[in-house]
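>>> model the structure of this input:
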Amino acid sequence: MGRGIVFLATIVWGQAEATDIPGSARVVERSTQGLEQPAEILIDYWGIAHIYAGTVHDAFFLQGYNAARDRLWQIDLWRKRGLGLLSRDFGPDYIAQDRAARLFLYRGDMAREWAAYGPDAKSQTEAFVAGVNAFVGEIRNGARPLPVEFTTASSMPDLWSPEDILRIRSHGLTRNLTSEVARAHVACKAGLQADRLRRKLEPDWTTKIPAGLDPCQIPKEVLTDYRLGTDGVTLGKPSTKTALDDEPFAEEPITAAGSNAWIIGPERTTTGRPILASDPHRAVTVPSLRYIVHMNAPGFSVIGAGEPFLPGVSIGHNDTIAFGLTISAIDQEDLYVYDLNPANAGQYRYQGQWEDVTIIKEPIPVKGQPDAIVELRFTRHGPVLYQDPAGARLFALRGLWSEPGAAAYFASSRYMTAHDWDAFKAAVAEWRTPSENLLYADKNGNIGWVVAAGAPLRPNWDGLLPVPGDGRYEWNGLAPADRLPQSYNPRAGWFASANEMNLPADYPLRDMKPGFEWAEASRATRLKDVLGSAAKTSLADSMALQMDDYSVMARRLTKLLAPLISDDPVIHNGLALLKSWNLHIERDSAAAALFEVWSIGYLGKATVAKVSPAVEPIIKSGAIDAVVSYLEKPDRALGRDPARARDALLLSTLKEAMTDLQTRLGPDHATWRWGQLHHAQFDHVLSPTADSALRAQLNVGPMQKSGGTTTVNLSPYDISDFRQVHGASFRMVLDVGEWDNSVTINTPGQSGNPFDPHYRDLFPLWLNGQYVPLLYSRAAVARSTQTLIKFTPGHPKP
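As a prediction, this is how the structure comes out:
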């Protein structure tokens with residue numbers, strides 16, 4: 001089952017266990033205002049911070065302080081982007097993005113918002129923010145140097161408010177606005193049947209155009225503010241409408257990415273204890289989107305990863321239970337279309353009456369210029385995204401992120417301290433965003449899975465197309481937590497999730513309609529094949545499976561090629577290469593290079609052009625699973641003899657891919673390597689504005705990379721240059737109950753300081769399937785300590 005991965009953890013860990021805190025460990029002493037009691041942070045050889053505090057307040061205070069110590073530029077930029085403050089630091093090019101960000105801020109009652117997360121959330125967040133501000137204060141008073149990123153960008157870090165974290169919602173990974181708009185455009189051009197190659201609906205479902213909707217009246221411009229408000233920051237070339245014009249219906253990030261997680265019960269493991277593995281997939285960035293931290297205080301102990309700007313962790317374990325997650329494709333967005341009052345463009349029709357559009361005017365500070373006064377408009381459903389130039393229609397978004405209790409990942413504050421299944425389920429019952437498959441294991445040998453999400457109930461439509469905003473299409477609240485799928489100690493002895501459609505066969509689909517646009521099932525099928533066939537699984541097996549590059553999609557496509565032959569020497573060579581292939585997307589494989597270039601670069605586009613030519617500009621190459629499913633059962637849209645036409649299409653596109661690779665990699669296909677094309681390179685957001693010396697320090701890579709768009713080791717890429725764009729932001733494999741045996745990896749490193757040794761030290765390990773220890777016991781942490789920071793309450797030293 002394993003594939004011979006070399007584990008750095010085994011080598012270095014064994015050496016570290018021989019001593020207590022090494023004599024070579026660097027010791028730093030700090031007096032920090034805001035602490036209640038003395039405390040310590042032990043930083044291990046791999047840059048993981050282990051916090052030991054006298055109170056829970058101090059544990060969260062030091063989490064915030066340490067996040068600022070390691071990732072200040074990253075978390076400060078996240079806050080400025082989310083609150084719409086980029087123009088203040090970077091100039092007028094960012095006014096449009098700032099305005100869009102402000103459209104998506106939470107603007108509800110804050111007392112109700114805090115209450116939604118339980119009794120401890122506010123105090124934890126206040127302590128976390130106080131820690132961030134303490135570090136920023138030390139910079140401002142000269143006790144700490146200003147990080148190089150700020151000097152390069154000519155900016156300064158801000159002080160935070162606890163409410164900032166709750167108000168920013170644009171990282172919540174809600175979905176399916178882009179798909180609704182694309183489907184409306186397809187329906188306008190060629191009817192809904194033509195959409196089958198763009199997205200595969202699961203379970204099998206036939207949608208219809210909602211009464212009162214004209215799909216031809218949905219402009220692509222409704223996506224402009226949505227993209228601006230949810231995109232990251234690009235310095236040197238800010239997000240603009242041009243990007244939308246180039247790729248108006250590009251996949252939403254969570255659709256393009258994904259995650260893997262699995263739990264294995266004790267009867268199916270070599271240790272006799274549960275195993276929990278989790279590797280969430282997001283954009284691969286420097287610094288990483290995840291930060292690993294260990295927090296300890298009397299009555300409180302948790303270790304794992306979260307987003308560095310949030311208190312606590314969302315993936316990891318406490319002393320009793322472990323938890324991991326993958327996105328569940330619950331549909332949490334709807335586009336509403338309104339008729340405007342011909343006599344007053346500030347009013348829209350709702351239930352036979354004219355309602356006023358709510359208008360908020362806000363000043364946006366702009367570097368070197370007077371404030372820009374922007375107008376934000378809202379209907380009863382949410383922010384106005386667009387008004388057509390003729391003034392006849394208005395378009396607004398209702399997203400779950402605007403509901404109380406929907407700050408992304410924030411509800412993890414409830415389950416971090418759970419100690420059994422019932423407490424865990426009760427904690428996640430209030431989870432809203434992102435919609436998740438939450439996986440559970442405990443040291444008593446139990447495993448479980450629950451879908452945790454705010455799932456809108458749509459009584460009279462399915463959420464797949466925009467709807468009139470006149471009152472006919474309204475959410476009927478959210479699904480009760482017990483109506484969402486869950487399983488405890490499944491009969492199979494294991495459970496896996498890879499963002500696939502996993503609604504049970506008897507799920508009340510027509511009543512609930514939670515969503516129909518799931519990740520394609522190749523990764524899930526591979527996990528089922530491997531875990532289902534293994535009598536016993538080890539930790540090493542799970543590590544190998546996270547790096548598995550076998551392609552189920554390649555298995556399906558090469559099955560279609562199996563009976564085909566050709567006298568054309570180019571096609572003949574291509575068929576021979578793929579028919580003799582082991583179906584692994586390995587960086588040293590010639591066949592993998594051919595398969596990826598063929599399936600992603602040529603086959604999908606040609607299929608769409610043949611089957612649905614009218615909508616090819618909209619759906620381009622289609623979705624690989626939808627295209628392959630169609631080719632497995634072609635119809636007369638391909639011609640009178642669908643199977644023969646399909647075979648001809650397979651061969652002609654294979655020849656195109658072979659010719660392309662001969663140009664790229666040379667005439668001898670024996671020398672081709674997938675890694676010559678596919679690579680991992682992380683460019684820092686400051687890279688476009690930095691000089692060459694700093695740019696070399698900021699950026700990480702390139703390095704050749706295994707994996708592809710359909711492998712468990714998910715490595716999707718930009719087809720223009722084959723650069724990986726998404727993937728495992730963090731990996732973790734837990735030995736539940738014997739916690740010190742657990743392993744993890746971040747990438748490219750724990751630190752965001754480009755001159756810190758932990759900035760890029762984990763990148764080659766992540767790339768090659770190696771791991772480092774995720775140490776939990778105080779003794780093991782002490783033996784692996786590289787730096788000890790001792791804190792005492794008080795004022796910063798000058």
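>>> which one is Val743 nearest to, not counting chain neighbours?
Tyr771 (3.8 Å; Cβ to Cβ, 6 or more residues apart in numbering). The C-beta positions use only the backbone N, C-alpha and C, and glycine is treated the same way.
>>> test my guess that that neighbour contacts Leu734.
No. Judged on Cβ atoms under 8 Å, Tyr771 makes no contact with Leu734 at a distance of 11.6 Å.
>>> ok, those two, which is more surrounded?
Leu734 (31 against 28; other Cβ atoms under 10 Å).
>>> what's across from the more buried one in the sheet?
Leu734 forms beta bridges with Leu276, as assigned by DSSP bridges.
>>> show me what contacts it?
Applying Cβ atoms under 8 Å, 6 or more residues apart in numbering to Leu734 gives the contacts 275-277, 317, 322, 441, 742, 774.
>>> now Leu201
Contacts for Leu201 (Cβ under 8 Å, 6+ apart) come out as 207, 464, 516-517.
>>> quick one: low-confidence parts of the chain?
Counting by pLDDT under 70, the chain shows low-confidence ranges at 1-19, 172, 237-257, 795-798.
>>> got phi/psi on Gln387?
phi -130, psi 130 (degrees, to the nearest 10).
>>> surely it touches Ala396?
No. With contact defined as Cβ under 8 Å, Gln387 does not count as touching Ala396 (9.7 Å).
>>> can you tell me who Phe323 pairs with across the strands?
Beta-bridge partners, per DSSP bridges, of Phe323: Gly316, Tyr440.
>>> burial of it, as a residue count?
Look at Phe323: counted by other Cβ under 10 Å, it has 30 neighbours.
>>> residues contacting it?
By Cβ under 8 Å, 6+ apart, the neighbours of Phe323 are 276, 304, 314-317, 415, 424, 438-440.
>>> what's the closest of these to Arg227?
Arg227 lies nearest to Ser314 out of the contacts of Phe323, by Cβ to Cβ, at 25.5 Å.
>>> what's the helix or strand for Gln681?
Per DSSP states H and E: Gln681 is located in strand 679-682.
>>> right, and the helix or strand after that strand?
helix 692-698.
>>> dump the helix or strand following that following helix to PDB, restricted to CA.
Following helix 692-698 in sequence order, the next helix or strand is strand 700-704 (DSSP H and E). Only the C-alpha atoms of strand 700-704 are listed here, as PDB (Å, rounded to 0.1, in the frame of the first residue of the first chain):
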ATOM      1  CA  VAL A 700      10.000  29.600  -3.400                       C
ATOM      2  CA  GLY A 701      10.600  27.200  -6.200                       C
ATOM      3  CA  PRO A 702      10.200  26.200  -9.000                       C
ATOM      4  CA  MET A 703      10.500  22.500  -8.400                       C
ATOM      5  CA  GLN A 704       9.200  19.600 -10.500                       C
END
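>>> what pairs with strand 700-704, parallel or antiparallel?
Strand pairing for strand 700-704, determined by DSSP bridges: strand 679-682 (antiparallel).
>>> how about the strand it pairs with: buried residues?
Within strand 679-682, the residues that count as buried by 16 or more other Cβ atoms under 10 Å are 679-680, 682.
>>> likewise for stretch 316-327?
For stretch 316-327, by 16+ other Cβ under 10 Å, it's 316-318, 320-327.
>>> ok so, going back, wait, which of the contacts of Leu734 is closest to Lys610?
Of all those, Ala277 has the smallest distance to Lys610: 41.0 Å, by Cβ to Cβ.
>>> tell me, how many residues neighbour that closest one?
Neighbour number of Ala277 under other Cβ under 10 Å is 27.
>>> can you verify my assumption that it contacts Phe730?
No. At 11.7 Å, Ala277 and Phe730 do not qualify as touching, with contact defined as Cβ under 8 Å.
>>> still on that earlier bit, need the max-distance pair from the buried residues of stretch 316-327.
Thr320 and Ile327 (25.7 Å).
>>> please write out the alpha-carbon positions of the helix or strand encompassing Leu650 in PDB.
If you go by DSSP H and E, Leu650 is part of helix 642-665. Provided in PDB are the C-alpha atoms of helix 642-665 (Å, rounded to 0.1, in the frame of the first residue of the first chain):
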ATOM      1  CA  PRO A 642     -21.700   8.300 -31.700                       C
ATOM      2  CA  ALA A 643     -19.200   5.700 -30.700                       C
ATOM      3  CA  ARG A 644     -17.300   5.900 -34.000                       C
ATOM      4  CA  ALA A 645     -17.300   9.700 -33.800                       C
ATOM      5  CA  ARG A 646     -16.100   9.500 -30.200                       C
ATOM      6  CA  ASP A 647     -13.200   7.200 -31.200                       C
ATOM      7  CA  ALA A 648     -12.200   9.600 -34.000                       C
ATOM      8  CA  LEU A 649     -12.300  12.500 -31.500                       C
ATOM      9  CA  LEU A 650     -10.100  10.600 -29.000                       C
ATOM     10  CA  LEU A 651      -7.500   9.800 -31.700                       C
ATOM     11  CA  SER A 652      -7.400  13.300 -33.300                       C
ATOM     12  CA  THR A 653      -7.000  15.000 -30.000                       C
ATOM     13  CA  LEU A 654      -4.400  12.500 -28.900                       C
ATOM     14  CA  LYS A 655      -2.400  13.400 -32.100                       C
ATOM     15  CA  GLU A 656      -2.700  17.100 -31.200                       C
ATOM     16  CA  ALA A 657      -1.400  16.500 -27.700                       C
ATOM     17  CA  MET A 658       1.500  14.400 -29.100                       C
ATOM     18  CA  THR A 659       2.400  17.200 -31.500                       C
ATOM     19  CA  ASP A 660       2.300  19.800 -28.800                       C
ATOM     20  CA  LEU A 661       4.600  17.800 -26.600                       C
ATOM     21  CA  GLN A 662       7.000  17.200 -29.400                       C
ATOM     22  CA  THR A 663       7.300  21.000 -29.700                       C
ATOM     23  CA  ARG A 664       7.600  21.500 -26.000                       C
ATOM     24  CA  LEU A 665       9.800  18.600 -24.900                       C
END
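>>> packing partners for that helix?
Where contact means 3 or more Cβ pairs under 8 Å, 6 or more residues apart in numbering; DSSP states H and E, helix 642-665 is packed against helix 552-561, helix 569-579, helix 590-596, helix 604-611, helix 624-632.
>>> kindly reformat those as CSV containing distance to Leu478 and mean neighbour count.
As requested, the helices and strands packed on helix 642-665 are arranged in CSV below (distance: least, Cβ to Cβ, whole Å; neighbours: other Cβ atoms under 10 Å):
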stretch, distance to Leu478, mean neighbour count
helix 552-561, 34, 18
helix 569-579, 47, 17
helix 590-596, 40, 26
helix 604-611, 36, 20
helix 624-632, 29, 20
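>>> just want the most central residue of the chain.
Centroid check for the chain by Cα atoms, centre = their mean gives Arg282 as the closest residue, at 3.4 Å.
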